[in-house]
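Visitor: Would you be able to build a 3D model of this:
(3 chains)
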Amino acid sequence: MKPSELEAGWFPAGLQNYVLPKTAGRVVIADNDIALWRGEDGQIRAWENRCPHRGMRLSYGIVRGNTLTCLYHGWSYDGAGACAGIPAHPELTPPKTIRAKAYRAADSGGFIWVANPGETTAAPSIDGDWVPNRSVHIDLAPTSLNELAEGIGAELVSKITDHAAIVRVPEVKGKVLLAFLDMKEHGAMIHTSVPASASENVAIAVSKLSTRLRQVFKASSAA
Amino acid sequence: MVTRRVSLEGALKTESCLAMVSHFARRLSLSSTVTSATPSYITLILTGDERLIDMFEIACWLGPDDVNIDTITLETV
Amino acid sequence: MTPDTFTRSQWYAIGRLPDFEGAEAKPVRLLSQDLTVSDAAGVLSVNDADGRSLLTQIRYGHLWTTLSDTPRPLYDVPEFDEPDRRLVTAGGVGVRCSGLRCVENFLDMAHFPFVHTDILGVEEHPSVESYDVSMDAEKDEIWATKCKFFQPMASAAASGGQMTEYKYRVPHPYSTILYKTCPIREDVWDLVGLFIQPVEEDECIVHSFILVFDEENTDTGLLHFQQNIFLQDRMILENQVPRKLPLDPRWELPTRADASSIAYRRWLKANELQWGVALFNEAA
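Guide: Next up, the predicted model:
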């Protein structure tokens, strides 16, 4: 069975607070169904969303300490993805070869980033302290970062990846971190972060960009 | 740690069955050596945790999509 | 894909009698085919999309039909003829996965402490002891026997935890019956079962029933107990990947506790079932 593969590079999977410590969630990136979770250590993990036992989605799992427990039969996995216990057979010590497939995952700039297990480049490093702002779904995926920026009249300040950049937006003081996750025929998710030093008004103004984004990247009613 | 001789019998599609056998030996951290492989009979020597060998037996008993395994036998070596 | 012979030659429950009272070409979908059910002065008939009249029978509290002209005989469950047993049926509940997955989930005990917490199992007692699996070659059925599990509340009638003994029977690719120790009478079994109506390869309607000795609980009480359990399972079933049933073990990692499911899949494979199956190499 061919494992799912993302394209090379790092993908903005969501805001950092999309997955709080001791919780699990889910993101689909280019047909890769991914379970995201944080242990009580706050470390973000991204795993193939399928328990190796019988295929239950791990995103429904329970986080205890720094392990994720599958909801179906309670198989537990440590932070690195290795199976830590099989409740039906308590006397059995699972070998580390029984494991959830782990993607690379990192927090940066207020976002959760995900890449293939074999990704060789480092996760995006974004200067300064950033605070997650908002995620919004739009109907039409932009074909590029430039198209996304132009759609809201933003000026690119520095490119982070093909899907993320620090931008300046008219009527908003200061910089904004803007990223998109292409969902193809399902549109796209747009994520924004603001500098930690930004005022409440700036945060609100950035949050309101979502209205403009939805209007600009709206599916035509003639479709 | 134990060693067992595992025999699979049936209308085995040798290639599929050998792929299956090596897949599970890897997943269960068992060392395995195939000692014979014919269209109706595959034997291998497995070494590892007894309970993991038990899992190996249950897993292989189903056989790949295109194969019906008639019997799996385990013998102590 | 058109259903394979094994799938097509079976009888299928499509609802309870009151569900079809006064029906005028009421649509029902079975094995990816649109059928209609009509009630003519109390006589139910089933027709396919070409207007062909299909065989029907009323059994076990349900209306059964088949696409075949020479179907396999419907299996026997003699307990349905026993007086003073109570039959409670739940009606059809849709599930977005192959009906084969529903059978397999029903046979599984290892999930009791996690999915049916504090009802059918507790985390402190998660161990699944070895049980026996056998095939009745004459009737072509699968059995799992000597199954035991510690249960805090095994049924609506039981009070307090007990070691419950189970037998599971699969007499049909889309039917499964559980026989469990009756809490109020010795030497008899209570029955819980599923008659599954396969709608598409990855979608089904589950008609569940309980057939028990119980003097205390109302029908509603008995029903709610089972329905609650079923809805807990449905959440799992609709989030299991793939939705169709794998018949190659390399998708998964079964343990000894999964022996009944493996026996079930082996039996399906031996009967050359193909409809509703997820092929390993298709995933590539």
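
Visitor: Report how many residues lie close to A:Q215.
Guide: By other C-beta atoms under 10 Å in any protein chain shown, 11 other residues sit near A:Q215. The C-beta positions use only the backbone N, C-alpha and C, and glycine is treated the same way.

Visitor: Could you grab the helix/strand/coil label for it?
Guide: helix (DSSP: H, G, I helix; E, B strand; the rest coil).

Visitor: Next, work out how far apart it and A:D139 are.
Guide: Separation of A:Q215 from A:D139 (C-beta to C-beta, to the nearest Å) stands at 10 Å.

Visitor: Check A:A8 too.
Guide: 27 Å.

Visitor: tell me the domain ranges of the chain?
Guide: If you meant another chain, say so; for now it's chain A. For chain A, automatic domain parsing gives the domain ranges A:11-115, A:130-216.

Visitor: hmm, I had chain C in mind actually
Guide: According to automatic domain parsing, the ranges for chain C are C:5-65, C:83-283.

Visitor: Let me know which of the domains of chain A is tucked in deepest.
Guide: Mean neighbours per residue, mean count of other C-beta atoms under 10 Å in any protein chain shown, is largest over the domains of chain A for domain A:11-115, with a mean of 20.

Visitor: hmm, back to that, kindly state which of the domains of chain A is positioned closest to chain B.
Guide: Closest approach to chain B among those (C-beta to the nearest C-beta): domain A:11-115, 3.7 Å.

Visitor: Buried deepest among the domains of chain C, which one?
Guide: Comparing the domains of chain C by mean count of other C-beta under 10 Å gives domain C:83-283 as most buried, with a mean of 19.

Visitor: For the helix or strand containing C:R265, name the packing helices and strands.
Guide: Using DSSP states H and E, C:R265 falls within helix C:259-270. For helix C:259-270, the packing partners by 3 or more C-beta pairs under 8 Å, 6 or more residues apart in numbering or on different chains; DSSP states H and E come out as helix B:50-62, strand B:68-76, helix C:99-107, strand C:132-136, strand C:141-151, strand C:162-172, strand C:245-246.

Visitor: closest one to C:R59 among the ones you listed?
Guide: strand C:162-172 (12.2 Å; C-beta to C-beta).

Visitor: Let me know whether the closest one sits next to chain B.
Guide: No: between strand C:162-172 and chain B, judged by C-beta under 8 Å from any C-beta of the partner chain, nothing touches; the nearest distance is 15.3 Å.

Visitor: Tell me which other helices or strands that strand touches.
Guide: helix C:99-107, strand C:141-151, strand C:175-181, helix C:259-270.

Visitor: Now mean pLDDT too, for these, in a markdown table please.
Guide: Listed next are the helices and strands packed on strand C:162-172 as a markdown table, based on pLDDT from 0 to 100:
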| stretch | mean pLDDT |
| --- | --- |
| helix C:99-107 | 97 |
| strand C:141-151 | 95 |
| strand C:175-181 | 95 |
| helix C:259-270 | 96 |
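
Visitor: What residues does chain A have near chain B?
Guide: By C-beta under 8 Å from any C-beta, the residues of chain A that approach chain B are A:89, A:91-93, A:95-98.

Visitor: May I see those organised as a markdown table, with distance to chain C added?
Guide: Listed next are the residues of chain A next to chain B as a markdown table, based on distance: C-beta to the nearest C-beta, whole Å:
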| residue | distance to chain C |
| --- | --- |
| A:H89 | 6 |
| A:E91 | 8 |
| A:L92 | 8 |
| A:T93 | 13 |
| A:P95 | 11 |
| A:K96 | 13 |
| A:T97 | 10 |
| A:I98 | 6 |
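
Visitor: which one of those residues sits closest to A:S210?
Guide: Proximity of the residues of chain A next to chain B to A:S210, judged by C-beta to C-beta, is greatest for A:I98, which lies at 42.6 Å.

Visitor: Grab the nearest non-local neighbour of that closest one.
Guide: Leaving out its chain neighbours, the residue that sits closest to A:I98 by C-beta to C-beta, 6 or more residues apart in numbering or on different chains is A:C83, at 4.0 Å.

Visitor: Now do the same contact list for the one you found.
Guide: A:52, A:75-77, A:94-96, A:98-100 (C-beta atoms under 8 Å, 6 or more residues apart in numbering or on different chains).

Visitor: Show me the beta-bridge partners of it.
Guide: A:Y77 (DSSP bridges).

Visitor: Just the pLDDT at it, thanks.
Guide: What the model reports as pLDDT for A:C83 is 98.

Visitor: and what of C:V95?
Guide: 97.

Visitor: likewise C:L222?
Guide: Model confidence at C:L222 (pLDDT) stands at 89.

Visitor: isn't it right up against C:R85?
Guide: No: the pair C:L222 and C:R85 does not pass the contact test of C-beta atoms under 8 Å, sitting 11.9 Å apart.

Visitor: which residues are in contact with both of these two?
Guide: Shared contacts of C:L222 and C:R85, defined by C-beta under 8 Å, 6+ apart, are found at C:V212.

Visitor: quick one: low-confidence ranges for the chain?
Guide: Since you didn't name a chain, this refers to chain A. Within chain A, the ranges that satisfy pLDDT under 70 run A:1-4, A:221-223.

Visitor: Sorry, I should have been clearer: chain C.
Guide: Residues of chain C that meet the cut-off, pLDDT under 70, sit at C:154-158, C:282-284.

Visitor: Spatially central residue for it, please.
Guide: Central residue of chain C (C-alpha atoms, centre = their mean): C:L194, 2.7 Å from the mean position.

Visitor: element containing that residue?
Guide: Assigned by DSSP H and E, C:L194 falls in strand C:189-200.

Visitor: Then B:S32?
Guide: Secondary structure from DSSP H and E places B:S32 in strand B:31-38.

Visitor: Count the residues that sit near the residue in chain B positioned nearest to chain A.
Guide: Here the residue of chain B nearest chain A is B:S29; by C-beta to the nearest C-beta that distance is 3.7 Å. If you count neighbours by other C-beta under 10 Å, B:S29 ends up with 14.

Visitor: got the residues of chain B near chain A?
Guide: B:26-29, B:49, B:51-52, B:55.

Visitor: Tell me the one of the residues you listed nearest chain C?
Guide: Closest to chain C, out of all of the residues of chain B next to chain A and judged by C-beta to the nearest C-beta, is B:M55, at 5.3 Å.

Visitor: wait, isn't the closest one in contact with C:R256?
Guide: Yes: contact criterion C-beta under 8 Å: B:M55 and C:R256 qualify, at 7.0 Å.

Visitor: Could you name the helices and strands sitting against the one helix or strand C:V206 maps to?
Guide: In this assignment (DSSP H and E), C:V206 forms part of strand C:203-212. Counting contacts by 3+ C-beta pairs under 8 Å, 6+ apart, strand C:203-212 packs against strand C:12-16, strand C:86-95, helix C:99-107, strand C:189-200, helix C:219-237.

Visitor: distance between the third one and the chain's centre?
Guide: Averaging C-alpha positions (C-alpha atoms, centre = their mean, to the nearest Å) puts helix C:99-107 7 Å from its chain's average.

Visitor: quick one: is it near chain A?
Guide: No: Helix C:99-107 lies out of reach of chain A by C-beta under 8 Å from any C-beta, never closer than 8.7 Å.

Visitor: okay, the angle between that helix and helix C:259-270?
Guide: 150 degrees (axes from the mean of the first three to the mean of the last three C-alpha atoms, to 10 degrees).

Visitor: who does the next helix-or-strand element following helix C:99-107 touch, helix- and strand-wise?
Guide: Note on helix C:99-107: by DSSP H and E, the next helix or strand toward the C-terminus is helix C:112-115. For helix C:112-115, the contact count by 3+ C-beta pairs under 8 Å, 6+ apart identifies helix C:219-237 as packing neighbours.
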